[in-house]
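Asker: Could you work out the structure for the sequence below:
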Amino acid sequence: MKVHVTDLKPGDRLLADTFNEAGLHVLQQGTELKEEEIHKLMQHGVDYVDIEPAVQQPAIAMIHTQQYELLQKTKPYLEQAVDGFESMYLEALATGRFNEGVVDDIMEPLVDQLKEHKDIVSLMLCIDQNDDYTYIHSMQVGILSYYIASWLGFSKEEAYEAGRAGYLHDIGKCQIPGSLLNKPGKLTFEEFEEMKKHTIYGHDIICSSTPDTIPALVALQHHERDDGSGYPHAIEKNEIHPFSRITAVADVFSAMSMNRVYQSKQELLTVLRELHTMSFGKLSANATQVFIRHMLPNFIGKNVILSTGERGTIVMTNPADFFRPLVNTGDRFVDLSAEHDIGIDQIFL
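Answerer: Presented below is the predicted three-dimensional model:
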């Protein structure tokens, strides 16, 4: 059957050799199309091709229903993690320590839920951001640290420990005055120096609460950078614990993608692009790249609002620019890698 290239789907197979208008051979007969091949056809200006359609996958509506049900099942565990961190935060504020048992009571059932999720973008988008930033941020960083460690090949036990440490990384902020945490404008030099102490406060609070030294080290080091430009001790990558480097990636992603008093959230693909830039010297290259590699496929099928005001759906990631995908608005296909004056304002389920 002959179809327009914008209607091609991964798994379709070419029934004939394909040439562009100049007669240049593009793809040979029998090629099973993947995203890269479909984009290649578009780049060469090919309009129609003869294909054998891919074997039909389960109905998209059924997949969406299953995804929705899974997210609804997980939401209570996310809310428990936010409420639990608030409880520990307030306890640490009052006493300088927290109940260690609460952490595992929250993290163990949460991680059991996370094992069922493949689409982490949907999981991030479903999180209600109406609670206090620090509480939600800590929950997100715990989740993302667990996933990154898993994707890097750490054992289940190690990935759990990485997630646990990520969950506790900002507990030291309870010792920072609220006037600094909630200041809408730029911090002065003196104020920023005080803010940086939350890493030291967190280390001390965790050491007072548990004999496990790794979460304390992650709290201390999650703002250190591979090139030595971080804080509090300006150490370089060989001195930074692997879990601290993982949490640093999760921390930056979560912070940039959430609303804060001094910064509006950025859409997720823009954040991933910034992480990619930071992976060259600032953040762990391995942790950052494995995170980006696992996140990008999850954007296909997500709804967007473009800077033009048009609504559409991401239909394909772009091999030439992973962070500027192809969007179907219903009326047209917008290749953001080619139309640089158009961007994505919002991504949603």
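Asker: only C-alpha atoms for contact and neighbour calcs from this point on.
Answerer: OK.
Asker: Show me the helices in the stretch 101-250 of the chain, by range?
Answerer: Assigned by DSSP state H, counting those that start in this stretch, the helices in the stretch 101-250 of the chain fall at 120-125, 133-151, 156-168, 178-181, 189-196, 198-209, 213-221, 242-256.
Asker: Need these in TSV (columns: mean neighbour count).
Answerer: Output for the helices of the stretch 101-250 of the chain, formatted as TSV (neighbours: other C-alpha atoms under 10 Å):
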stretch	mean neighbour count
helix 120-125	18
helix 133-151	25
helix 156-168	23
helix 178-181	13
helix 189-196	13
helix 198-209	22
helix 213-221	25
helix 242-256	25
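Asker: As JSON lines, those with distance to residue 345 and mean pLDDT would be great.
Answerer: Converted to JSON lines, the helices of the stretch 101-250 of the chain look like this (distance: least, C-alpha to C-alpha, whole Å; pLDDT from 0 to 100):
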{"stretch": "helix 120-125", "distance to residue 345": "14", "mean pLDDT": "94"}
{"stretch": "helix 133-151", "distance to residue 345": "21", "mean pLDDT": "97"}
{"stretch": "helix 156-168", "distance to residue 345": "29", "mean pLDDT": "98"}
{"stretch": "helix 178-181", "distance to residue 345": "27", "mean pLDDT": "92"}
{"stretch": "helix 189-196", "distance to residue 345": "30", "mean pLDDT": "97"}
{"stretch": "helix 198-209", "distance to residue 345": "33", "mean pLDDT": "98"}
{"stretch": "helix 213-221", "distance to residue 345": "33", "mean pLDDT": "98"}
{"stretch": "helix 242-256", "distance to residue 345": "14", "mean pLDDT": "97"}
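Asker: nearest to residue 5, of those?
Answerer: helix 120-125 (27.1 Å; C-alpha to C-alpha).
Asker: roughly how far apart are the residue in the chain sticking out farthest from the centre and residue 288?
Answerer: Centroid-distance maximum for the chain: residue 23 at 42.5 Å, with C-alpha atoms, centre = their mean. With distances taken as C-alpha to C-alpha, to the nearest Å, residue 23 is found 41 Å from residue 288.
Asker: re the thing from before, of the helices of the stretch 101-250 of the chain, which approaches residue 293 most closely?
Answerer: Nearest to residue 293 among those is helix 133-151 (9.7 Å), distances taken as C-alpha to C-alpha.
Asker: what angle separates that closest one from helix 242-256?
Answerer: In this structure, helix 133-151 runs at an angle of 130 degrees to helix 242-256, with axes from the mean of the first three to the mean of the last three C-alpha atoms, to 10 degrees as the basis.
Asker: what's the pLDDT at residue 51?
Answerer: As predicted, residue 51 sits at a pLDDT of 89.
Asker: Which of the three states applies to it?
Answerer: Following DSSP: H, G, I helix; E, B strand; the rest coil, the label given to residue 51 is strand.
Asker: That one - how many residues pack around it?
Answerer: Residues within reach of residue 51, counting by other C-alpha atoms under 10 Å, total 20.
Asker: and residue 108, how many neighbours?
Answerer: Neighbourhood size, residue 108 [other C-alpha under 10 Å]: 13.
Asker: pretty sure residue 126 contacts residue 71?
Answerer: Yes: using C-alpha atoms under 8 Å, residue 126 is in contact with residue 71, at 7.3 Å.
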